[in-house]
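1. 3D model of this:
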Amino acid sequence: MIEFNNTIVVIPARMASVRLPGKPLADIHGIPMIVHVWKRAVEANVFKVLVAAAENEIADVIRSHGGDALATDPALRSGSDRVAAALKLRDPQGNFTAVINLQGDLPTIDPLAIQRCLAGLTNETVDIATIAARIEIDADLQNPNVVKAIAPLGEGREVAYARDFVRTVGPEHDAPFWRHINVYAFRREALDRFASLPVSTREALRKLEQMRALDNDMRMAVVRVDSVPLGVSAPADLEAARMMLRKKS
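-> All right, here's what the predicted structure looks like:
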(Lines give C-alpha, C1' and ligand atoms only; values in the text may rest on other atoms or scores of the structure.)
Protein backbone atom coordinates (compact mmCIF):
# COMPACT_ATOMS: atom_id res chain seq x y z
CA MET A 1 0.00 0.00 0.00
CA ILE A 2 1.40 3.39 -1.01
CA GLU A 3 0.69 6.14 1.51
CA PHE A 4 0.87 9.73 0.32
CA ASN A 5 2.36 10.85 3.65
CA ASN A 6 5.38 8.60 2.95
CA THR A 7 5.85 10.05 -0.54
CA ILE A 8 7.88 12.95 -1.89
CA VAL A 9 7.88 14.48 -5.36
CA VAL A 10 11.36 15.62 -6.34
CA ILE A 11 11.77 17.85 -9.41
CA PRO A 12 15.30 17.83 -10.88
CA ALA A 13 16.20 20.97 -12.81
CA ARG A 14 19.33 22.42 -14.38
CA MET A 15 20.14 25.48 -16.43
CA ALA A 16 22.28 23.64 -19.00
CA SER A 17 20.16 22.79 -22.05
CA VAL A 18 21.53 22.58 -25.58
CA ARG A 19 18.32 23.66 -27.31
CA LEU A 20 16.94 26.03 -24.67
CA PRO A 21 19.62 27.29 -22.25
CA GLY A 22 18.27 28.42 -18.90
CA LYS A 23 14.89 26.81 -19.54
CA PRO A 24 13.88 26.30 -15.86
CA LEU A 25 13.69 30.09 -15.55
CA ALA A 26 11.99 30.66 -18.92
CA ASP A 27 9.08 33.05 -18.47
CA ILE A 28 5.53 31.72 -18.85
CA HIS A 29 3.06 34.51 -18.14
CA GLY A 30 5.32 36.18 -15.61
CA ILE A 31 6.22 32.97 -13.76
CA PRO A 32 9.35 30.85 -14.35
CA MET A 33 8.64 27.45 -15.91
CA ILE A 34 10.05 25.55 -12.93
CA VAL A 35 7.48 27.25 -10.70
CA HIS A 36 4.67 26.06 -12.97
CA VAL A 37 5.97 22.50 -12.65
CA TRP A 38 6.25 22.87 -8.88
CA LYS A 39 2.64 24.08 -8.77
CA ARG A 40 1.43 21.04 -10.75
CA ALA A 41 3.23 18.80 -8.24
CA VAL A 42 1.62 20.60 -5.31
CA GLU A 43 -1.79 20.20 -6.99
CA ALA A 44 -1.24 16.42 -7.05
CA ASN A 45 -1.68 16.50 -3.24
CA VAL A 46 1.29 14.26 -2.55
CA PHE A 47 2.73 14.87 0.91
CA LYS A 48 5.94 16.75 0.05
CA VAL A 49 7.44 18.51 -2.99
CA LEU A 50 11.14 19.36 -3.36
CA VAL A 51 13.05 20.93 -6.25
CA ALA A 52 16.55 19.48 -6.73
CA ALA A 53 18.40 22.26 -8.55
CA ALA A 54 21.75 22.10 -10.26
CA GLU A 55 22.20 25.83 -9.66
CA ASN A 56 21.40 28.10 -6.74
CA GLU A 57 19.42 30.51 -8.92
CA ILE A 58 16.78 27.85 -9.56
CA ALA A 59 16.54 27.03 -5.86
CA ASP A 60 16.23 30.72 -5.00
CA VAL A 61 13.31 31.17 -7.40
CA ILE A 62 11.40 28.25 -5.91
CA ARG A 63 11.99 29.53 -2.38
CA SER A 64 10.78 33.00 -3.39
CA HIS A 65 7.46 31.41 -4.39
CA GLY A 66 7.14 29.55 -1.08
CA GLY A 67 8.51 26.19 -2.20
CA ASP A 68 11.27 23.92 -0.90
CA ALA A 69 14.49 23.55 -2.90
CA LEU A 70 18.14 22.72 -2.53
CA ALA A 71 21.20 22.82 -4.79
CA THR A 72 22.91 19.63 -5.98
CA ASP A 73 26.05 18.82 -7.95
CA PRO A 74 25.66 20.13 -11.54
CA ALA A 75 27.69 17.17 -12.85
CA LEU A 76 25.19 14.46 -11.87
CA ARG A 77 24.47 12.01 -14.71
CA SER A 78 20.68 12.05 -14.92
CA GLY A 79 17.53 13.45 -13.37
CA SER A 80 17.08 10.35 -11.23
CA ASP A 81 20.67 10.62 -9.99
CA ARG A 82 19.92 14.24 -9.01
CA VAL A 83 16.77 13.13 -7.19
CA ALA A 84 18.73 10.52 -5.23
CA ALA A 85 21.44 13.04 -4.30
CA ALA A 86 18.84 15.53 -3.09
CA LEU A 87 17.20 12.93 -0.87
CA LYS A 88 20.53 11.97 0.70
CA LEU A 89 20.79 15.58 1.79
CA ARG A 90 17.18 16.20 2.79
CA ASP A 91 16.09 12.78 4.08
CA PRO A 92 19.14 10.70 5.07
CA GLN A 93 16.98 8.70 7.52
CA GLY A 94 14.85 7.35 4.67
CA ASN A 95 11.50 8.53 6.04
CA PHE A 96 10.12 8.88 2.52
CA THR A 97 9.58 5.37 1.20
CA ALA A 98 8.23 6.36 -2.23
CA VAL A 99 9.79 9.01 -4.49
CA ILE A 100 8.34 10.57 -7.63
CA ASN A 101 10.82 11.99 -10.14
CA LEU A 102 8.96 14.73 -12.02
CA GLN A 103 11.06 16.38 -14.73
CA GLY A 104 11.28 20.16 -14.54
CA ASP A 105 10.22 20.75 -18.16
CA LEU A 106 6.60 19.53 -17.89
CA PRO A 107 4.63 22.68 -16.98
CA THR A 108 1.35 21.34 -18.41
CA ILE A 109 1.31 17.93 -16.73
CA ASP A 110 -2.01 16.80 -15.31
CA PRO A 111 -1.64 16.39 -11.52
CA LEU A 112 -3.73 13.21 -11.78
CA ALA A 113 -1.02 11.70 -14.00
CA ILE A 114 1.42 12.13 -11.10
CA GLN A 115 -0.96 10.22 -8.85
CA ARG A 116 -1.39 7.54 -11.51
CA CYS A 117 2.36 7.06 -11.68
CA LEU A 118 2.54 6.57 -7.92
CA ALA A 119 -0.30 4.04 -8.10
CA GLY A 120 1.96 1.86 -10.23
CA LEU A 121 3.83 0.93 -7.05
CA THR A 122 0.73 -0.70 -5.52
CA ASN A 123 2.04 -4.06 -6.77
CA GLU A 124 4.78 -4.90 -4.28
CA THR A 125 6.91 -6.62 -6.95
CA VAL A 126 7.36 -3.32 -8.84
CA ASP A 127 10.57 -1.35 -8.25
CA ILE A 128 9.78 1.64 -10.47
CA ALA A 129 6.59 2.89 -12.13
CA THR A 130 6.24 5.25 -15.07
CA ILE A 131 3.44 6.46 -17.35
CA ALA A 132 2.60 6.37 -21.05
CA ALA A 133 -0.20 7.45 -23.38
CA ARG A 134 -1.36 5.77 -26.57
CA ILE A 135 0.23 7.14 -29.76
CA GLU A 136 -2.53 8.32 -32.09
CA ILE A 137 -0.51 10.26 -34.69
CA ASP A 138 1.77 8.57 -37.22
CA ALA A 139 4.23 11.49 -37.07
CA ASP A 140 4.79 10.75 -33.37
CA LEU A 141 5.32 7.08 -34.13
CA GLN A 142 7.99 7.94 -36.70
CA ASN A 143 9.68 10.64 -34.58
CA PRO A 144 12.80 9.30 -32.81
CA ASN A 145 12.48 12.08 -30.23
CA VAL A 146 9.22 10.47 -29.07
CA VAL A 147 10.26 7.59 -26.83
CA LYS A 148 8.03 4.51 -27.05
CA ALA A 149 7.33 2.33 -24.03
CA ILE A 150 7.11 -1.29 -25.13
CA ALA A 151 4.56 -2.86 -22.77
CA PRO A 152 1.43 -5.00 -23.28
CA LEU A 153 -1.06 -2.27 -22.43
CA GLY A 154 -4.47 -2.16 -24.06
CA GLU A 155 -8.14 -1.36 -23.66
CA GLY A 156 -8.54 -3.80 -20.80
CA ARG A 157 -5.10 -3.42 -19.27
CA GLU A 158 -4.11 -0.22 -17.45
CA VAL A 159 -0.77 -1.41 -16.04
CA ALA A 160 1.89 -3.73 -17.48
CA TYR A 161 5.57 -4.46 -17.05
CA ALA A 162 7.91 -2.56 -19.36
CA ARG A 163 9.71 -4.77 -21.85
CA ASP A 164 11.77 -2.07 -23.52
CA PHE A 165 11.97 1.63 -24.37
CA VAL A 166 12.87 2.53 -27.94
CA ARG A 167 13.08 5.56 -30.16
CA THR A 168 12.19 3.66 -33.34
CA VAL A 169 9.73 0.76 -33.51
CA GLY A 170 10.48 -2.26 -35.66
CA PRO A 171 8.65 -5.31 -37.03
CA GLU A 172 9.30 -7.09 -33.74
CA HIS A 173 7.08 -4.59 -31.91
CA ASP A 174 3.31 -4.99 -31.80
CA ALA A 175 0.72 -2.20 -31.93
CA PRO A 176 -0.73 -0.33 -30.15
CA PHE A 177 2.24 1.85 -29.32
CA TRP A 178 2.67 3.95 -26.21
CA ARG A 179 4.40 7.30 -25.79
CA HIS A 180 6.58 7.32 -22.71
CA ILE A 181 6.17 10.28 -20.36
CA ASN A 182 9.27 11.09 -18.37
CA VAL A 183 7.85 10.70 -14.86
CA TYR A 184 8.95 7.93 -12.49
CA ALA A 185 7.82 6.64 -9.11
CA PHE A 186 10.55 4.76 -7.23
CA ARG A 187 10.54 2.72 -4.10
CA ARG A 188 13.22 4.38 -2.01
CA GLU A 189 15.49 1.34 -2.00
CA ALA A 190 15.12 1.04 -5.78
CA LEU A 191 16.13 4.67 -6.26
CA ASP A 192 19.20 4.18 -4.09
CA ARG A 193 20.16 1.08 -6.07
CA PHE A 194 19.57 2.84 -9.40
CA ALA A 195 21.83 5.73 -8.41
CA SER A 196 24.60 3.33 -7.33
CA LEU A 197 24.70 1.56 -10.71
CA PRO A 198 27.00 2.60 -13.55
CA VAL A 199 25.54 3.92 -16.79
CA SER A 200 24.51 0.87 -18.82
CA THR A 201 25.42 0.24 -22.44
CA ARG A 202 21.89 0.75 -23.75
CA GLU A 203 21.39 3.80 -21.55
CA ALA A 204 24.42 5.45 -23.13
CA LEU A 205 23.52 4.32 -26.65
CA ARG A 206 19.88 5.43 -26.58
CA LYS A 207 20.35 8.35 -24.14
CA LEU A 208 17.52 6.95 -22.03
CA GLU A 209 18.15 6.68 -18.30
CA GLN A 210 15.37 4.12 -17.80
CA MET A 211 17.45 1.56 -19.69
CA ARG A 212 19.81 1.42 -16.70
CA ALA A 213 16.94 -0.04 -14.69
CA LEU A 214 15.92 -2.62 -17.29
CA ASP A 215 19.54 -3.58 -17.98
CA ASN A 216 19.94 -4.41 -14.28
CA ASP A 217 16.75 -6.48 -13.98
CA MET A 218 14.78 -3.87 -12.09
CA ARG A 219 11.04 -4.33 -12.48
CA MET A 220 9.33 -1.33 -14.06
CA ALA A 221 5.57 -0.94 -14.44
CA VAL A 222 4.03 1.27 -17.14
CA VAL A 223 0.71 2.89 -16.20
CA ARG A 224 -1.63 4.07 -18.93
CA VAL A 225 -2.73 7.74 -18.89
CA ASP A 226 -5.01 9.61 -21.27
CA SER A 227 -2.99 12.69 -22.19
CA VAL A 228 0.59 13.69 -22.96
CA PRO A 229 1.98 16.78 -21.22
CA LEU A 230 4.01 19.18 -23.32
CA GLY A 231 7.73 18.68 -22.71
CA VAL A 232 9.60 21.95 -23.20
CA SER A 233 12.96 21.38 -24.90
CA ALA A 234 13.09 24.08 -27.59
CA PRO A 235 11.86 27.66 -28.13
CA ALA A 236 8.84 26.44 -30.13
CA ASP A 237 7.81 24.21 -27.20
CA LEU A 238 8.03 27.19 -24.87
CA GLU A 239 5.68 29.19 -27.07
CA ALA A 240 3.26 26.26 -27.18
CA ALA A 241 3.35 25.99 -23.38
CA ARG A 242 2.54 29.68 -23.10
CA MET A 243 -0.48 29.22 -25.34
CA MET A 244 -1.71 26.16 -23.45
CA LEU A 245 -1.36 27.74 -20.04
CA ARG A 246 -2.98 30.95 -21.25
CA LYS A 247 -6.06 28.95 -22.23
CA LYS A 248 -6.21 27.36 -18.77
CA SER A 249 -5.86 30.65 -16.89
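
2. Can you tell me the SS state at the residue positioned nearest the centre of the chain?
-> For the chain, the residue sitting closest to the mean C-alpha position, by CA atoms, centre = their mean, is V183 at 2.4 Å. Here V183 is recorded as strand under DSSP: H, G, I helix; E, B strand; the rest coil.

3. My guess is it contacts A132. True?
-> No - assessed by CB atoms under 8 Å, V183 is found out of contact with A132, at 9.9 Å. Every C-beta, even on glycine, is put in place using the N, C-alpha and C of the backbone.

4. tell me the secondary structure for the nearest residue to the residue nearest to the centre of the chain once chain neighbours are set aside?
-> If the residues on either side of it in the chain are set aside, V183 comes closest to C117, at 5.0 Å by CB to CB, 6 or more residues apart in numbering. State at C117, reduced to three classes by three-state DSSP: helix.

5. give the contact list for C117.
-> For C117, the set of contacting residues under the criterion of CB atoms under 8 Å, 6 or more residues apart in numbering consists of I100, A129, T130, I131, V183, Y184, A185, V223.

6. One more pass at 6 Å, please.
-> With contact set as CB atoms under 6 Å, 6 or more residues apart in numbering, C117 has these partners: A129, I131, V183, A185.

7. Not counting its own residues, what contacts the one helix or strand A132 maps to?
-> Element membership for A132 (DSSP states H and E) is strand 128-134. Residues from elsewhere that reach strand 128-134, judged by CB under 6 Å, 6+ apart: 113, 116-117, 120-121, 149, 176, 178-181, 183-186, 190, 213, 220-223, 225, 228.

8. and the next element down the chain from it?
-> Using DSSP H and E, the helix or strand that follows strand 128-134 in sequence is helix 138-142.

9. mean confidence score for that following helix?
-> Mean pLDDT, computed over helix 138-142, is 95.

10. So what's the gap between that helix and the chain middle?
-> Relative to its parent chain, helix 138-142 has a centroid offset of 22 Å by CA atoms, centre = their mean, to the nearest Å.

11. now for the longest helix seen in the chain, which elements pack on it?
-> Taking residue count as the measure and DSSP state H as the definition, the longest helix of the chain comes out as helix 235-248. In terms of contact count using 3 or more CB pairs under 6 Å, 6 or more residues apart in numbering; DSSP states H and E, helix 235-248 is assigned the packing partners strand 27-28.

12. Just the residues contacting the strand it packs on, thanks.
-> Under the criterion CB under 6 Å, 6+ apart, residues H36, A241, R242, L245 lie in contact with strand 27-28.

13. Neighbour-wise, give me the winner out of the residues you listed.
-> A241 (23 neighbours; other CB atoms under 10 Å).

14. For A69, grab phi and psi.
-> Dihedral pair for A69: phi -150, psi 160, per degrees, to the nearest 10.

15. hang on, isn't it packed against V49?
-> No - with contacts defined as CB atoms under 6 Å, A69 does not count as touching V49, sitting 9.6 Å away.

16. The residue lying farthest from the centre of the chain: what secondary structure?
-> Most distant residue from the mean C-alpha position of the chain: P171, 28.3 Å away (CA atoms, centre = their mean). Of the three states, P171 takes coil according to three-state DSSP.

17. what's the answer for F165, then?
-> Counting by three-state DSSP, the three-state call for F165 is strand.

18. V51 too?
-> Counting by three-state DSSP, the three-state call for V51 is strand.

19. how many other residues sit next to it?
-> V51 has 29 neighbours, counted by other CB under 10 Å.

20. how near is N143 to D73?
-> Look at N143 and D73: by CB to CB, to the nearest Å, they are 32 Å apart.

21. Just the contacts of strand 128-134: which are in strands?
-> Of the positions in the contacts of strand 128-134, 149, 178-181, 183-186, 220-223, 225 sit in strands, assigned by DSSP state E.
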